[in-house]
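S.K.: requesting a structural model of the entry that follows:
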Amino acid sequence: MSEGYLKGRIRREDIVSAAAAVYGEAGYHGASLREIAKRAGITHAGLLYHFPTKEALLAAVLERRDAEDAVREQLSAPPGLEVLRRFIALAEYNIRHRGIVEVYSRLAAEAVSEDHPAHAYFARHYREARESIAQSFRALAETGELRPGTDPDLAALTFIALMDGLQVQWLTTPTQVDAVGSLRLSLQTLLTVPLFPK
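M.R.: Residues are numbered from 1 along each chain as shown. Model (predicted):
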């Protein structure tokens, strides 16, 4: 790996980190590339060299978050209880990192509009998350660990909605919302076995 390549890669990571911070404070539409460049310690032209559009930078911020979550929580485990436990671990991580949750929640709300540059990302993100959870519920149904009569697809949709909705409530009133406890309770009501054996 050449020194120039390594410096460029480090510079890109600095820009993505600065962008995540600015998006968390001002939202995507309120953020400017000039402010992001300033935070990253480079010129506006230098930022545009690495990310020619604001949309390209947004995609890099969101993709880095997904990649970090997937590696840290090992979300690609075989479908079943372990995947559900790892989504709970992701929620626990998020509660310890408020800034990440703020960026994600703000951008998710902005991206409901089809002309938002992150709309396609969030549509794909939610589809993949629902499918991952639904696969786990289907696997649990086959082993008798899912409560009879539970629709795996509907349960997955509800779980993802609950996870994101609880995060927004927690951001608003953190001392009054136990997001992780609520997720655990909701999941346990769907199972015939303990989610976390004692």
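S.K.: spell out the secondary structure type for residue 78.
M.R.: The three-state label for residue 78, taken from DSSP: H, G, I helix; E, B strand; the rest coil, comes out as coil.
S.K.: count of neighbours near residue 166?
M.R.: When neighbours are counted by other C-beta atoms under 10 Å, residue 166 registers 21. For glycine as for every other residue, the C-beta is placed from the backbone atoms N, C-alpha and C.
S.K.: could you pull out the helices for the protein?
M.R.: Counting by DSSP state H, the chain has helices at residues 3-30, 33-40, 44-50, 54-73, 81-96, 98-110, 119-142, 152-172, 179-188.
S.K.: reformat those helices as CSV; add mean pLDDT.
M.R.: Shown next, in CSV, are the helices of the chain (pLDDT from 0 to 100):
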stretch, mean pLDDT
helix 3-30, 78
helix 33-40, 92
helix 44-50, 91
helix 54-73, 79
helix 81-96, 91
helix 98-110, 83
helix 119-142, 93
helix 152-172, 96
helix 179-188, 97
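S.K.: once you drop chain neighbours, what's closest to the residue most central in space within the chain?
M.R.: Centroid-nearest residue in the chain, with C-alpha atoms, centre = their mean: residue 66, separated by 5.8 Å. Of all residues not flanking residue 66 in the chain, residue 125 sits nearest, at 6.9 Å (C-beta to C-beta, 6 or more residues apart in numbering).
S.K.: pretty sure the one you found sits against residue 65.
M.R.: No - counting by C-beta atoms under 8 Å, residue 125 does not reach residue 65; the two are 9.6 Å apart.
S.K.: now render the helices of the chain as a markdown table, adding distance to residue 197.
M.R.: Shown next, in a markdown table, are the helices of the chain (distance: least, C-beta to C-beta, whole Å):
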| stretch | distance to residue 197 |
| --- | --- |
| helix 3-30 | 37 |
| helix 33-40 | 46 |
| helix 44-50 | 47 |
| helix 54-73 | 19 |
| helix 81-96 | 9 |
| helix 98-110 | 29 |
| helix 119-142 | 15 |
| helix 152-172 | 20 |
| helix 179-188 | 12 |
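S.K.: out of the ones you listed, which is closest to residue 194?
M.R.: Go through the helices of the chain one by one with C-beta to C-beta and the one that ends up closest to residue 194 is helix 179-188, at 7.4 Å.
S.K.: number of residues surrounding the residue nearest to residue 66?
M.R.: With other C-beta under 10 Å as criterion, residue 125 counts 19.
S.K.: residue 66 and residue 90, how far apart?
M.R.: Distance, residue 66 to residue 90, by C-beta to C-beta, to the nearest Å: 11 Å.
S.K.: and what of residue 154?
M.R.: In terms of C-beta to C-beta, residue 154 sits 21 Å off from residue 90.
S.K.: same thing with residue 49?
M.R.: Distance from residue 49 to residue 90, by C-beta to C-beta: 34 Å.
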